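Student: Got a predicted structure plus its sequence, pasted below:
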Amino acid sequence: MKKVILLFWLVLLLIVTKPLPLKAQCDILNKDYSNLNGWTNVGTAVTITSGKVIYNQIPGQSDHRVYTSLGMTLGNVWVAEFDFNPQSGNNIGVAASLFCLTAGTQKPYKDPPYTPLTPYTNQDFIEVNLVSPHNTPNYLSETKIYATYKDNASAPVSSSSLSIPAWNQTYYARIQRVSSTQGFLSVFSDQERTVHILGSPLCFELPASVNGLNTLQHANIDQADADRRFSGWVDNSCIRSDGTTTNPYNVEFNINDTYCYGESLVTSTKAPFVNNQWNFYECDINCNIIGPELIYFTGNNISVPLVNTPFISGHYYLVKHGVWSNCSPWQEAIKCFQVLALPVANAGLDLQLCPSTNGTKKIGKKGEAINIYTWTPSNWLSSSTMATPTPTLPTNILPCVSQTYTLTVKNSITGCVAKDYNTVNLINQVPSVTILTTPCNWCISPLLTASITGNCNNSIFWSPGGETTNTINTSSSALYTATTSNACFSATASTNVVFPSYTGSLPNLAITNAVTQNSPWVAFEYGKIAGFIPSYNANTYNLKIINQWGELIHEQSGNAACAGGFSNGEIAWNGICSSTGNYPPVDVFIYILTLTNCNSSRIYSGNLTYLLRISSVESEEIALPQNELQFSFYPNPTSDKITILVNQDTTFEDYQLEVVNVAGELTYSEKIETRENLILDIVNYPNGIYFVRLRSNISGKFKSLKMIVNHDG
């Protein structure tokens with residue numbers, strides 16, 4: 001019995017005293033600084049206090065340190081880790097040897113105490129050195145950490161450095177020697193040592209002759225000025241001999257063996273933020289690549305949707321993760337996965353139910369026994385767990401009931417899920433349609449609007465025209481029919497639209513005054529006479545002023561509200577030529593007015609002209625010069641030809657006979673040298689107004705007369 005009790009306590013003792021797994025890895029050194037056994041203390045600027053290595057800001061102290069023997073000499077492959085917390089530095093150039101492995105117990109840099117020109121010790125070392133340039137946050141980004149090494153009597157050499165992100169924050173460092181000439185320094189922001197700070201890890205090369213390292217030291221190494229002081233602490237130091245287990249460029253990653261089509265492959269790596277590359281290839285079931293690279297990504301973390309292109313259901317794919325740097329060759333890890341096919345989810349076409357078919361039609365398609373079917377919501381379904389349930393929608397809701405169902409199909413073996421949707425509409429009211437007419441008093445075409453009751457996804461169709469909107473703009477006199485229909489019912493309504501007829505002449509259009517020197521305005525009165533035709537009430541106009549030679553000297557346009565048209569006198573000309581900006585000379589002018597209604601139907605275009613003399617007194621005739629270009633012609637109006645008579649008192653010269661249309665375009669020109677038998681054939685001229693012009697080729701003067709061509713008798 002005593003033996004059993006003794007055995008029990010022995011086992012319990014072993015369990016209690018068994019070191020943690022992490023501590024067991026520290027086969028060379030494991031220090032949490034909870035006791036001082038084995039440590040030698042030099043000075044008071046660096047001490048072991050309260051379970052930490054404390055760096056003190058003590059004036060007049062420099063090169064103070066604590067050190068302990070490792071009990072062995074390190075080889076060419078090892079890993080060392082420690083925690084540190086930088087707190088302040090009181091001057092530029094403050095430095096501390098946070099973790100220094102030396103080949104002996106001398107000071108890391110110089111021994112005996114520093115004096116000018118003292119040579120470096122010939123003691124080999126590899127250390128992590130921290131420089132704190134100032135004690136204010138403005139200099140925080142300049143706080144550096146780096147690795148330093150020295151062999152024999154040569155001067156120390158430093159690696160590139162990392163910037164410490166913040167004061168009074170704990171960091172987790174790792175320095176390792178992976179070969180006789182290669183080292184790495186990593187600094188992490190998390191205790192698990194997975195999140196590198198910016199720039200970590202650093203790699204550095206060192207001579208193979210650096211060896212014999214058998215002592216760990218923590219030291220204040222400021223020598224030039226004893227008032228340069230640093231404060232902070234170091235804790236949890238660990239050294240282990242297996243350096244291969246902590247590759248600073250860890251390329252390992254985790255993914256699933258299978259993914260359902262449409263899912264995203266999400267993975268990350270503990271590799272630092274250096275060159276990370278992910279390559280995807282199609283492979284066979286044994287992970288042998290069988291095709292070219294499909295896609296690639298860069299970065300520590302990736303999320304790849306497994307959809308077309310390039311991923312296909314049922315196929316296998318290989319992921320290759322590679323990492324490299326300027327001091328580390330390409331390293332890679334590969335894994336394979338399969339993209340599983342989704343089950344078929346087919347909710348069928350959207351269903352339209354009439355009262356006569358309610359509760360008789362099914363949704364969905366025939367399923368497979370391997371799949372699990374779920375419909376949500378379950379309202380009004382014969383079953384929510386079968387592939388083809390029957391919906392029976394309530395009939396007490398008018399005019400229609402609508403319910404959208406989601407079908408979820410899960411493969412019971414792979415666990416892959418697919419979804420589809422179906423909307424069921426119950427139409428249980430006969431619609432009716434009426435046509436509302438909106439009069440267009442100032443336009444040609446009235447608006448027609450179809451008003452529908454009992455509307456349940458109804459469509460609308462107009463005849464004539466074929467429009468499918470509720471409101472249309474009619475375009476001609478006709479019987480207009482609106483037909484509304486849905487999956488179950490239809491209804492129609494009709495209305496007759498009669499357009500007013502019009503001829504093109506302007507009702508009650510008059511020129512109120514001539515353009516004279518005393519009254520330089522002319523207004524066009526557009527009055528509404530009794531029984532006026534609404535379609536003639538225009539909302540846009542264009543006015544052209546043409547002189548007696550057919551030249552356009554002025555043009556203007558305007559707009560009015562469609563509901564009212566132009567008021568009396570709103571269309572007016574101030575007598576100034578837009579081409580010159582000046583009043584024209586005394587002359588004869590032609591006014592051409594084009595009116596358009598609100599739906600762009602032209603109600604008058606250039607068939608009316610007005611002759612108006614401009615003079616200082618409206619009733620006074622213009623005195624034409626004698627013996628210059630006096631001529632006439634007949635008949636006028638004409639439909640065949642005209643005979644031109646040149647006044648005998650006119651001094652005959654070399655003349656040009658010309659015809660100009662109302663747009664100012666020259667339509668005919670002939671040189672004449674006699675006033676006898678001047679006949680002009682106009683049989684091919686369209687109906688309209690023209691100007692016959694006689695122009696002297698010598699003096700350049702000319703005279704024009706209006707000619708009206710009318711072939712309609």
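Tutor: Perfect, thanks for sending it.
Student: Strands of the stretch 401-550 of the chain, start to end?
Tutor: 417-427, 432-438, 447-453, 459-463, 471-473, 478-485, 490-497, 509-511, 522-526, 540-547 (DSSP state E, counting those that start in this stretch).
Student: how about JSON lines for the ones you listed, with distance to Tyr33, mean neighbour count and mean pLDDT added?
Tutor: Just so you know, the C-beta spots here come from the backbone N, C-alpha and C atoms, and that holds for glycine as well. Converted to JSON lines, the strands of the stretch 401-550 of the chain look like this (distance: least, C-beta to C-beta, whole Å; neighbours: other C-beta atoms under 10 Å; pLDDT from 0 to 100):
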{"stretch": "strand 417-427", "distance to Tyr33": "55", "mean neighbour count": "19", "mean pLDDT": "95"}
{"stretch": "strand 432-438", "distance to Tyr33": "92", "mean neighbour count": "15", "mean pLDDT": "90"}
{"stretch": "strand 447-453", "distance to Tyr33": "87", "mean neighbour count": "17", "mean pLDDT": "92"}
{"stretch": "strand 459-463", "distance to Tyr33": "84", "mean neighbour count": "16", "mean pLDDT": "96"}
{"stretch": "strand 471-473", "distance to Tyr33": "87", "mean neighbour count": "17", "mean pLDDT": "89"}
{"stretch": "strand 478-485", "distance to Tyr33": "89", "mean neighbour count": "18", "mean pLDDT": "94"}
{"stretch": "strand 490-497", "distance to Tyr33": "92", "mean neighbour count": "14", "mean pLDDT": "93"}
{"stretch": "strand 509-511", "distance to Tyr33": "110", "mean neighbour count": "14", "mean pLDDT": "58"}
{"stretch": "strand 522-526", "distance to Tyr33": "105", "mean neighbour count": "20", "mean pLDDT": "63"}
{"stretch": "strand 540-547", "distance to Tyr33": "95", "mean neighbour count": "20", "mean pLDDT": "80"}
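Student: so where is the stretch 101-250 of the chain shaky, pLDDT-wise?
Tutor: Scanning the stretch 101-250 of the chain with the threshold set as pLDDT under 70 gives 110-120, 132-149, 151-153, 222-229, 243-247.
Student: give me that answer again for 50
Tutor: 114, 136-142, 223-225 (pLDDT under 50).
Student: Equivalent analysis for the stretch 501-650 of the chain, please.
Tutor: Counting by pLDDT under 50, the stretch 501-650 of the chain contains low-confidence residues at 502-505, 507, 527-535, 605-627.
Student: still on that earlier bit, let me have the strands of the stretch 401-550 of the chain in TSV, adding distance to Thr667 as columns.
Tutor: Formatted as TSV, the entries for those read as follows, by distance: least, C-beta to C-beta, whole Å:
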stretch	distance to Thr667
strand 417-427	67
strand 432-438	46
strand 447-453	44
strand 459-463	46
strand 471-473	39
strand 478-485	41
strand 490-497	42
strand 509-511	27
strand 522-526	28
strand 540-547	14
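Student: nearest to Asn574, of the ones you listed?
Tutor: With C-beta to C-beta as the criterion, Asn574 lies closest to strand 522-526 of the strands of the stretch 401-550 of the chain, at 8.5 Å.
Student: So Gly262 sits against Phe311, correct?
Tutor: No - proximity of Gly262 to Phe311 does not meet the contact threshold set by C-beta atoms under 8 Å, at 9.2 Å.
Student: Just want to know which of the two has more residues nearby.
Tutor: Phe311 (20 against 16; other C-beta atoms under 10 Å).
Student: For that one, which residues are in contact?
Tutor: The neighbours of Phe311, taking C-beta atoms under 8 Å, 6 or more residues apart in numbering as the test, are Tyr261, Tyr317, Val339.
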